[in-house]
Structures are given as C-alpha cells and as structure tokens.
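The sequence isn't on hand, but the structure is:
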Ligand SMILES: [Zn+2]
C-alpha cells in the first residue's frame, strides 16, 4: 500500500508539471499510450505479501438523500443497504484524483436522481408477478411463492436474480388448528403459503405461540383454511428480510418506484471520459491511475504486482474510442450461483 501511494505521488508530481503547461490528455494521446502499453514487454511480476487483514465496515441501516447536481431535486432512499453515500463519495474522489492526473473525467450521477432518470429508463423493475415455480423438487420446497402472487423487487442488479419481498404478507393454516381468536390448537401446526396440504410450509408453530392474526375472509377462500398474517419470527418474512429469487420465476414487471427508490440505482453510476459514458467498476480508478502515471504494474486484490497489460482491454474500453455504454446493461446469461442473504 505504501509503495502504491509513492508511485501515485510521483505520477501526480510529473503530470502536475504537464498540467501546468496546459497539457491534458487528448483522445489521440491516450490511444498512442494504449498502443505503447500493448507493445511493451511484460514486466517481471513480483509477489508481494498476501493481504491478510480486511477491515469490514458493516452497513448502517439509515436512509440516504441524494441531491441532484443537475436539476437540484432530492431523491430519498429509505434504506442505505448499499452504503450509497460511501460509494458515491468514493467515485467522486476517484474522478477528482484522475482529473488531477490530466484525464477528462466526471461521474455520471444522473442515475441517482429519480427526476432525471426513471426506474423504467434504467430497466430497474420495482414489482413483479410470480409466473413460474421451480421444476426441481429440492428448489420448489424452499420456494415460498405461488404463481400469480405479487412481489416487491428491492434490488435488481444481481445477474439473474432479484431480491424480493412478498407484497401481501399472509399465509394459511388449516381451520382445524386455529381458534376464532387466533390461538393455535395443536402441538405443531404447519403454516403454509397457500390453502392446501401440498403447499410450501413456511414454518411450524406450537401452542405456546402467541395468537396469530386472522385476516378477513375474501370471496373464494376455502372454508377449511384460515388466512393469517405471516407469523413474525418464522422462517421467512419478518418485516425486513428479503429473498433472492431467480429472475426467470418473475414476470409482469412494473417500474413505478413510488416512495421506495431502488437502491440498485447506485450500481448504474458511470464515468464520463472524454464525453464517453462507461459503466463504472471498482478497479477502474486503480488501473487508470497506474496507466496515466506510466506504471507497468498494478497491485491486484491480493497485494501482488500484476502486469498492467492484463488490464489493457478494460483500459481501451475506458479510454479508447467507441460507443457509450447503454443505460440499461445487456442482461447477462443466467448463472447458477447462490447469492447469500
Ligand atoms: Zn436530477
């Protein structure tokens, strides 16, 4: 880390001198530099000590208010699960330090403003309807939703996954096992997602369980089942937990954010480099700094000196000519990975 700082310091000093002469990098200069890097021999990779200690800062559950630099509108994010303020501050700092190195760069923050960019324009669904259930038994057992059920989509940027909450927090219990006032009658009674014995069990409750809240009967409700509020503390919805659901099970998407502004917006921040919009990634600032400072290596995430040449493709994407990235990223192929809560 110390070494990296030294290098940046040297770079800033050298480029500061250039900037003083009014020599900011033009697209042509950047292209020439990219070609030079491409033609350069690979530097010897030096193994550094593995980073062995990480500082983990837990997100605090507070809201985040974004004030648009363009139109002045306030957008209030009720949850700050993504540490949005931190991410935004980091991107702004990164852009400022790259600007000091002579790069024409800014952060495209318009995606954070509900007035400048609608959820629809950004392709961020905020609600959907369950259209499919898993075919595999093992998956279907844990799948809490029924076809036709509406869910609120909290986050939409995991490739192939949504984070969702039930729109209606309700479940079912056989009428035999619940009293008129909601007391459980039985030793272990299953609470189910829908009114039939094959439906997914969300939890089992016992006599000692506090009375369940019976919900008003609706036309069409079977008489031998009782609609109840989803029991708090049960495996499942407890007012704050979200579920990760594969996006293929949810269709009929809607994009009206209402009061809940999608925190996925923070993932759509982009760089404006020489006027070209490129979706921002975490390592971009690091490799751009190294490149503009004339370094041939860059510290990878294990603290090793990796050849900067390995990042040539990304550098070309960031600095070279070409189309701006679209506002709505191209949906990647669905990947079968488990996303932890
Ligand atoms: Zn705005």
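Nice, I can see it. The structure presented is a predicted model; accordingly, all values stated were derived computationally and were not measured.

what residue ranges in the stretch 151-300 of the chain score low on pLDDT?
Applying pLDDT under 70 to the stretch 151-300 of the chain flags the ranges 232-241.

now the helices for it?
For the stretch 151-300 of the chain, the helices defined by DSSP state H, counting those that start in this stretch occupy 284-292.

who's in contact with residue 287?
Counting by C-beta atoms under 8 Å, 6 or more residues apart in numbering, residue 287 touches 298, 308, 311, 314-315. The C-beta positions use only the backbone N, C-alpha and C, and glycine is treated the same way.

any idea how far it is from the ion?
30 Å (C-beta to the ion, to the nearest Å).

And for residue 259?
Note on residue 259: its distance to the ion, by C-beta to the ion, is 18 Å.

do the same with residue 162
Residue 162 is 26 Å from the ion, by C-beta to the ion.

In this structure that residue contacts residue 130, no?
No: between residue 162 and residue 130 there is no contact under C-beta atoms under 8 Å: 10.9 Å.

what's the neighbour count on the closest residue to residue 127 other than its chain neighbours?
In space, and not counting its chain neighbours, residue 127 is closest to residue 254: 4.6 Å by C-beta to C-beta, 6 or more residues apart in numbering. Number of residues near residue 254 (other C-beta atoms under 10 Å) recorded here: 14.

Quick one: residues contacting residue 254.
Counting by C-beta under 8 Å, 6+ apart, residue 254 has contacts 125-128.

Repeat that for residue 247.
Residue 247 makes contact with 156, 160-162, 334, according to C-beta under 8 Å, 6+ apart.

how much space between the closest residue to residue 225 other than its chain neighbours and residue 315?
Spatial nearest neighbour of residue 225, chain neighbours left out: residue 195 (3.6 Å); criterion: C-beta to C-beta, 6+ apart. According to C-beta to C-beta, to the nearest Å, residue 195 stands 58 Å off from residue 315.

Those two: which has the busier surroundings?
residue 315 (22 against 18).

Verify the stated contact: the more buried one with residue 38.
No: Residue 315 is beyond contact range of residue 38, at 9.4 Å (criterion: C-beta under 8 Å).

Domain ranges for the protein, per the record?
For the chain, automatic domain parsing gives the domain ranges 2-117+264-319, 127-166+243-254, 170-229.

next one: the second one to chain centre, how far?
Put plainly, it is domain 127-166+243-254. Mean-position distance between domain 127-166+243-254 and its chain equals 16 Å (C-alpha atoms, centre = their mean, to the nearest Å).

can you start the count at 336 instead of 1 from here on
All right, first residue 336 from here; so that's domain 462-501+578-589.

That one spans what distance, first to last residue?
Domain 462-501+578-589 stretches 5 Å from its first residue to its last (C-alpha to C-alpha, to the nearest Å).

Stretch 474-491: end-to-end distance?
Stretch 474-491 end-to-end distance (C-alpha to C-alpha) = 21 Å.

what's it in contact with?
458-469, 497-503, 528-529, 534-535, 537, 571, 577-578, 580, 582, 584-585, 588, 595, 597-599.

Give me the buried entries from these.
Buried residues within the contacts of stretch 474-491, counting neighbours by 16 or more other C-beta atoms under 10 Å: 458-465, 469, 497-501, 528-529, 534-535, 537, 571, 577-578, 580, 582, 584-585, 588, 595, 597-599.

Narrow these to those in strands?
462-465, 497-501, 537, 578, 580, 585, 588 (DSSP state E).

Which of these sits closest to residue 543?
residue 537 (18.3 Å; C-beta to C-beta).

I figured the closest one hits residue 528, correct?
Yes: if you go by C-beta under 8 Å, residue 537 and residue 528 touch, sitting 6.0 Å apart.

need the contact list for the closest residue to the ion within the stretch 536-676 of the chain.
Of all residues in the stretch 536-676 of the chain, residue 600 sits closest to the ion, at 11.9 Å by C-beta to the ion. Residues near residue 600 by C-beta under 8 Å, 6+ apart: 446-447, 452, 457, 459.

Let me have those in CSV, adding distance to residue 660 and pLDDT as columns.
Compiled in CSV, the contacts of residue 600 are given as follows (distance: C-beta to C-beta, whole Å; pLDDT from 0 to 100):
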residue, distance to residue 660, pLDDT
446, 12, 96
447, 16, 96
452, 14, 96
457, 12, 94
459, 16, 93
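
These also near the ion: which ones?
With C-beta under 5 Å from the ion as the criterion, the contacts of residue 600 include none near the ion.

Taking those, tell me the two that lie furthest apart.
Among those, 447 and 459 lie farthest apart (C-beta to C-beta), at 11.9 Å.

Look at stretch 513-530 and report the distance between its end residues.
End-to-end distance for stretch 513-530: 14 Å, by C-alpha to C-alpha.

got the buried residues for it?
Under the neighbour-count criterion of 16+ other C-beta under 10 Å, stretch 513-530 has 513, 517, 519, 524-530 buried.

Quick check: ChimeraX command selecting the buried ones in the contacts of residue 582.
Only the buried entries of those go into this ChimeraX selection, using 16+ other C-beta under 10 Å:
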select :491,495,496,497
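
can you list the contacts of residue 582 in TSV and add distance to residue 628?
Converted to TSV, the contacts of residue 582 look like this (distance: C-beta to C-beta, whole Å):
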residue	distance to residue 628
491	37
495	38
496	38
497	41
669	40
